[in-house]
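> Generate a structure from the sequence data that follows.
(chains A, B, C and D)
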2 protein chains.
Amino acid sequence: MLQELTDAYGFIFEEKLLQEISETGVLKSAREGEIIMDIGNYITSMPLLLEGAIKILREDKEGNELLLYFLERGDTCALTLSCCLGQTKSEIRAVAEKDTQYIMVPIAKIEEWTTRFKSWRNFVFESYQSRLSEMLETIDTLAFMNMDQRLLRYIQDKAKINQSQELQVTHQQIAYDLNTSRVVISRLLKKLELEGKILLQRNHLVVYDL
Amino acid sequence: MLQELTDAYGFIFEEKLLQEISETGVLKSAREGEIIMDIGNYITSMPLLLEGAIKILREDKEGNELLLYFLERGDTCALTLSCCLGQTKSEIRAVAEKDTQYIMVPIAKIEEWTTRFKSWRNFVFESYQSRLSEMLETIDTLAFMNMDQRLLRYIQDKAKINQSQELQVTHQQIAYDLNTSRVVISRLLKKLELEGKILLQRNHLVVYDL
DNA sequence: TCAAGTCTGTAACTTTTGTTACTGCCAGGT
DNA sequence: ACCTGGCAGTAACAAAAGTTACAGACTTGA
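You can find the predicted model right below:
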């Protein structure tokens, strides 16, 4: 575990901290599509992403979903962190976007390391910062952009996260992530295809140029 | 200054910290409507709210605005804090909702106190936490609610912040805060009035029951 | 008291988004 | 080869939100 940990976090954490993380953390893995953490769960540890990607979703009482943002290697979820320190239930759902490896660090250590390691303190602050700014971006897209622009952004983000111009996804799945209906997504995707920006296939979508 | 500071923060900060804040912080005040911090400003200190209320706005390139949330006595702005620690420009605009008093604390102290005072560390974490959860709520309203529900929430929030059932506000101002048009707001407000929930007057709005 | 500016109400229309319904297509299992 | 279920395309319509235009009311100040 120490090796993978060093690969992903070696350039920000000192030796001693990496050591302690690998001693107290629990290595976990999740298959693509697996729910790593769900709304209402009590949270007693925070994740450090080693490999793969996780998508963070919000849900309302009627069961409508909305994709908030993706996490990648080297990220942690500030919302989870926040829940952790506040000892409250999870406000979000985390689903593995690809097969994923991560370390769960128990809550007790988080506070302790905050006082002992400057690099950890910085990491925590930077996590809050990047998550806040991702939330701001999410708000921007919701408040200022139409569905066609939101869809474009979604496709770009997803291609980036999966490091591929070919996305394995159904229209219905996109509709869930953007909290709209399948018909709307089909309509807009078809428009994008006519504009020569993408190619549509069953369960599959190729990004040409955006 | 120490007196006002103790009134607002005495129950969370220890004596020594209150002392240091009052020594290094700068007491400021802003009139209702005054811009306290604007998008693109460099931030070198963070605010601690003593009295009044501040509204935090987001703006896109076309100049469209959106109200993110309000700050009250005892609050600080985690977005500012985040900018501060990251040494970046402000992503948001802060406008005095009422006449407001606050203390600006220089960036250098923020990190220092984080290591020296547990109460400060908790305060910073709790600020991040409450701001994250307010951002989540903002996202919820944008993603899951129609304009009529958003308007209702806005009126409720504003009544709460101003501790009054009578709001001094024009339809146009509401439209700016919710990033929609004046006509839409007039339409929906009229509907609320017909439902007996509010009373409309020029520059003025009375909340009966929501 | 009159003029100018601001605010609200409303109508008529457009655009965007959401809904319902139906079609054909494809893949996997029997 | 056939059946079944999931997926995508499309039409037709409904609802929500945005736009344009205009009228009347109030407010302020000359």
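
> can you tell me which residues contact residue A:154?
A:67, A:174, A:177-178 (CB atoms under 8 Å, 6 or more residues apart in numbering or on different chains). C-beta: built from backbone N, CA, C; applies to glycine.

> Using the three-state scheme, assign residue A:196.
coil (DSSP: H, G, I helix; E, B strand; the rest coil).

> Just the closest residue of chain A to chain B, please.
For chain A and chain B, the shortest gap (CB to the nearest CB) falls at residue A:142, measuring 3.9 Å.

> That residue and residue B:143 touch, don't they?
Yes - between residue A:142 and residue B:143 there is a contact at 5.7 Å, judged by CB atoms under 8 Å.

> What is the helix or strand of chain A with the lowest mean pLDDT packed up against?
Taking mean pLDDT, DSSP states H and E as the measure, chain A has helix A:78-86 as its least confident helix or strand, at a mean of 79. Judged by 3 or more CB pairs under 8 Å, 6 or more residues apart in numbering or on different chains; DSSP states H and E, helix A:78-86 is in contact with strand A:45-51, helix A:107-116, helix A:118-144, helix B:118-144.

> Can I get these in a markdown table including distance to residue B:76, mean neighbour count and mean pLDDT?
Below are the helices and strands packed on helix A:78-86 laid out as a markdown table (distance: least, CB to CB, whole Å; neighbours: other CB atoms under 10 Å in any protein chain shown; pLDDT from 0 to 100):
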| stretch | distance to residue B:76 | mean neighbour count | mean pLDDT |
| --- | --- | --- | --- |
| strand A:45-51 | 23 | 21 | 94 |
| helix A:107-116 | 18 | 16 | 89 |
| helix A:118-144 | 13 | 19 | 93 |
| helix B:118-144 | 5 | 20 | 93 |
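
> got a list of what the most centrally placed residue in chain A touches?
Centroid-nearest residue in chain A, with CA atoms, centre = their mean: residue A:70, separated by 2.6 Å. Contacts were defined as CB under 8 Å, 6+ apart; by that measure residue A:70 touches A:53-56, A:97, A:157, A:161.

> So which of the residues you listed sit within strands?
With DSSP state E as the criterion, strands contain A:53-56 from among the contacts of residue A:70.

> Name the nearest of those relative to residue A:47.
Set against residue A:47, the nearest of the ones in strands among the contacts of residue A:70 by CB to CB is residue A:54 (7.8 Å).

> So what pairs up with the residue nearest to the centre of chain A in the strands?
Assessed by DSSP bridges, residue A:70 has beta-bridge partners residue A:55.

> gap between it and residue B:10?
Going from residue A:70 to residue B:10 by CB to CB, to the nearest Å gives 42 Å.

> Name the nearest residue to residue A:85, ignoring sequence neighbours.
Spatially, and ignoring its direct neighbours in sequence, residue A:85 is nearest to residue B:125 (5.3 Å; CB to CB, 6 or more residues apart in numbering or on different chains).

> Residue A:153 now?
Among residues not flanking residue A:153 along the chain, residue A:141 sits closest, at 6.1 Å (CB to CB, 6+ apart).
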